[in-house]
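Student: Predicted coordinates and the sequence they were generated for:
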Amino acid sequence: MTLAISDLKVTLGGREILRGVDLELRAGQVHGLAGESGSGKTMTGLAVLGLLPHGARVSGRITLGERDLLAMTPRQLNAVRGGEVAMVFQDPATSLHPMLTIGRQLTEHMRHHMRLDRRQARARAADLLRQVRIPGAEEALGRYPHQFSGGMRQRIAIAVALACSPKVLIADEPTTALDVTVQAGILRLLRGLCDDLDLAVLLVTHDLGVMSAVADEVSVMRDGVVVETGPRAQVLRDPAHPYTRALLDSLPGETS
């Protein structure tokens, strides 16, 4: 399934945050969205899910298949959110509830969206933990987020996002604050899940080096506008926009 963003504009507090964003996500592909902090990357992902801050004004189109998400009622959008489109947030320490077991946090989504009973939901939850390579999946269901490392918590957050078999996964800076080895593992996991589950993945990051590892397509944002989009090799090896070149020049090593 394709998710297409057309002429997306977001105004907040009298300031135009997004100024006509165009993106297209395709099943089985990772689309990297790069840019500096404040460029509008995270706001784009939040707009897809209808999670913009209070007072934000939004226009344009965000279509999932033939449906315009921006035209949906809150009830209709709630059925899509988590079920068909899911998001992995930057910090699993805040996105995972510290007082609920991992099993509870996984099964609540499934029981709500998929109407599974307790036994079915628990079996699927254990399978998801195995899929994201959490050791001792059955035992892990009874543990709490603080009992896992940062990298394991991020894998669990990805499992929570995948609980209801979404078609689109938005990953917002999923490797921030992780060491290089753990980062590589998370990126390999996202790439593998995209291929195995035919997901359309939007990978939001400020790091073009991350894009070089997993993205099929790359878009670069600056000041609320996408200034360049293209295949990974083309954008990273022969950028058309001077801002993209400046981002590449700021990297410590080779990205191609």
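Tutor: Perfect, thanks for sending it. Since the structure is predicted, the reported quantities are computational estimates derived from the model, not experimental observations.
Student: Every contact and neighbour count from this point should use C-alpha atoms.
Tutor: OK.
Student: Check whether residue 245 really touches residue 239, as I assumed.
Tutor: Yes - judged on CA atoms under 8 Å, residue 245 makes contact with residue 239 at a distance of 6.0 Å.
Student: higher neighbour count, those two?
Tutor: Applying other CA atoms under 10 Å to residue 245 and residue 239 shows that residue 239 carries more neighbours, namely 18 against 15.
Student: Helices of the stretch 151-256 of the chain, residue ranges please.
Tutor: Using DSSP state H, counting those that start in this stretch, the helices of the stretch 151-256 of the chain run over 180-197, 208-214, 232-237, 242-249.
Student: tell me what the longest one is packed against?
Tutor: The contact analysis (3 or more CA pairs under 8 Å, 6 or more residues apart in numbering; DSSP states H and E) places helix 180-197 against strand 29-34, helix 150-162, helix 208-214.
Student: Now mean neighbour count, mean pLDDT and distance to residue 139 too, for those, in CSV please.
Tutor: Converted to CSV, these look like this (neighbours: other CA atoms under 10 Å; pLDDT from 0 to 100; distance: least, CA to CA, whole Å):
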stretch, mean neighbour count, mean pLDDT, distance to residue 139
strand 29-34, 26, 95, 32
helix 150-162, 24, 92, 13
helix 208-214, 21, 83, 31
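Student: of these, which approaches residue 229 most closely?
Tutor: Ranking the helices and strands packed on helix 180-197 by proximity to residue 229 (CA to CA) places strand 29-34 first, at 9.1 Å.
Student: So in that sheet, which strands flank the closest one, and in what orientation?
Tutor: In the sheet, strand 29-34 lines up against strand 200-205 (parallel), strand 217-222 (parallel) (DSSP bridges).
Student: relative orientation of the last one and helix 242-249 in degrees?
Tutor: I take that to be strand 217-222. Per axes from the mean of the first three to the mean of the last three CA atoms, to 10 degrees, the angle that strand 217-222 makes with helix 242-249 is 110 degrees.
Student: quick one: contacts of strand 217-222?
Tutor: Strand 217-222 is contacted from outside by 23, 29-36, 39-41, 211, 226-232, 235, 243-244, using CA atoms under 8 Å, 6 or more residues apart in numbering.
Student: Next up, the contacts around the residue of the chain most remote from its centre.
Tutor: No residue in the chain sits farther from the centre than residue 119, which is 28.6 Å out by CA atoms, centre = their mean. Contact analysis of residue 119 by CA under 8 Å, 6+ apart lists nothing.
Student: Could you shift the numbering so residue one becomes 457, and keep it that way?
Tutor: Will do, 457 is the new start, and the previous item becomes residue 575.
Student: Distance check, it against residue 595.
Tutor: 15 Å (CA to CA, to the nearest Å).
Student: again with residue 535
Tutor: Going from residue 535 to residue 595 by CA to CA gives 30 Å.
Student: re the thing from before, who wins for proximity to residue 569 among the strands paired with strand 485-490?
Tutor: Closest to residue 569 of these is strand 656-661 (CA to CA; 19.7 Å).
Student: Now the closest one: buried residues?
Tutor: 656-661 (16 or more other CA atoms under 10 Å).
Student: Would you reformat these as JSON lines and include distance to residue 543 and pLDDT?
Tutor: Shown next, in JSON lines, are those (distance: CA to CA, whole Å; pLDDT from 0 to 100):
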{"residue": "656", "distance to residue 543": "12", "pLDDT": "95"}
{"residue": "657", "distance to residue 543": "10", "pLDDT": "95"}
{"residue": "658", "distance to residue 543": "9", "pLDDT": "96"}
{"residue": "659", "distance to residue 543": "10", "pLDDT": "95"}
{"residue": "660", "distance to residue 543": "11", "pLDDT": "94"}
{"residue": "661", "distance to residue 543": "14", "pLDDT": "89"}
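Student: That's all I had, so thanks and see you.
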